[in-house]
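1. Just the structure for this:
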Amino acid sequence: MKVRELRAVLDANPGVKMHWMLPDQSFVPAHYHITEVGRVHKDFIDCGGTMRSLTSCVLQVWVSNDFEHRLETTKLAKIVEVARPLLQSDDLPVEVEYENAVVSQYPLGGAEVTPSGILFYLGTKHTACLAPEKCGVGGDSCCPAPEPTVSESAGGASRPA
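-> Here you go, the predicted structure:
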């Protein structure tokens, strides 16, 4: 889901409760807070040597012990609107950062209007080889390790240098 789609869902459903379903079908506790809206940019080189960039909007979800707290669509829409100059684009994919034993990021997969509020579906992220044609994917690893250099020891046995 892109920022533009998130904004449309929030704006079309003012004052509605929101629920966040994790990939394992469990839910973020209802008393969560959105503590950050950020623009995250990552520059990297893949295993084939190609320079790449990724930019996304990340919503940080945090759960405290204030069990009566409930965030509704109108408030989140205002938070996203304040972040608009920072985000620079409504075309960014939205990810949700949430800590449940470990901090994880989930792509926002979609939203559904239900009788109890907006249900947001969180997806999963996976690693992948981005240059299979260059590094020969097919074995146990993406990129073949260089051959070890063999040198002679005093006893005549060889070992990697």
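
2. just the helices in this structure please.
-> With helices called from DSSP state H, the chain shows them at 3-12, 73-82, 84-87, 132-135.

3. buried sites along the second one?
-> Burial within helix 73-82, assessed by neighbour count using 16 or more other Cβ atoms under 10 Å, is assigned to 73, 76-77, 80. The way it works is simple: take the backbone N, C-alpha and C, and place the C-beta from them, glycine included.

4. Likewise for the first one?
-> Of the residues in helix 3-12, those buried by neighbour count under the rule 16+ other Cβ under 10 Å are 3, 5-7, 9-10.

5. With pLDDT and distance to Gln60 added, can I get those in CSV?
-> Shown next, in CSV, are the buried residues of helix 3-12 (pLDDT from 0 to 100; distance: Cβ to Cβ, whole Å):
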residue, pLDDT, distance to Gln60
Val3, 98, 15
Glu5, 98, 19
Leu6, 98, 15
Arg7, 97, 18
Val9, 97, 19
Leu10, 97, 17
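
6. give the contact list for the closest residue to Thr55 other than its chain neighbours.
-> Spatially, and ignoring its direct neighbours in sequence, Thr55 is nearest to His41 (4.6 Å; Cβ to Cβ, 6 or more residues apart in numbering). The neighbours of His41, taking Cβ atoms under 8 Å, 6 or more residues apart in numbering as the test, are 53-55.

7. does the residue nearest the centre of the chain have beta-bridge partners, and which?
-> With distances taken as Cα atoms, centre = their mean, Gln105 lies nearest the centre of the chain, 3.5 Å away. Beta-bridge partners recorded for Gln105 (DSSP bridges): Glu97.

8. where's stretch 50-64 relative to the chain centroid, distance-wise?
-> Put simply, stretch 50-64 sits 5 Å off its chain's centre (Cα atoms, centre = their mean, to the nearest Å).

9. quick one: buried residues of it?
-> Within stretch 50-64, judged by 16+ other Cβ under 10 Å, the buried ones are 56-61, 63.

10. same question, stretch 38-52
-> 39, 46.

11. pLDDT weak spots in this structure?
-> 138-161 (pLDDT under 70).

12. That one: strands as residue ranges?
-> Ranges of strands within the chain are 18-21, 32-45, 51-63, 94-100, 102-114, 117-122, 150-152, 158-160, based on DSSP state E.

13. Now do the residue nearest to Thr55 against Leu92, distance only.
-> 10 Å (Cβ to Cβ, to the nearest Å).
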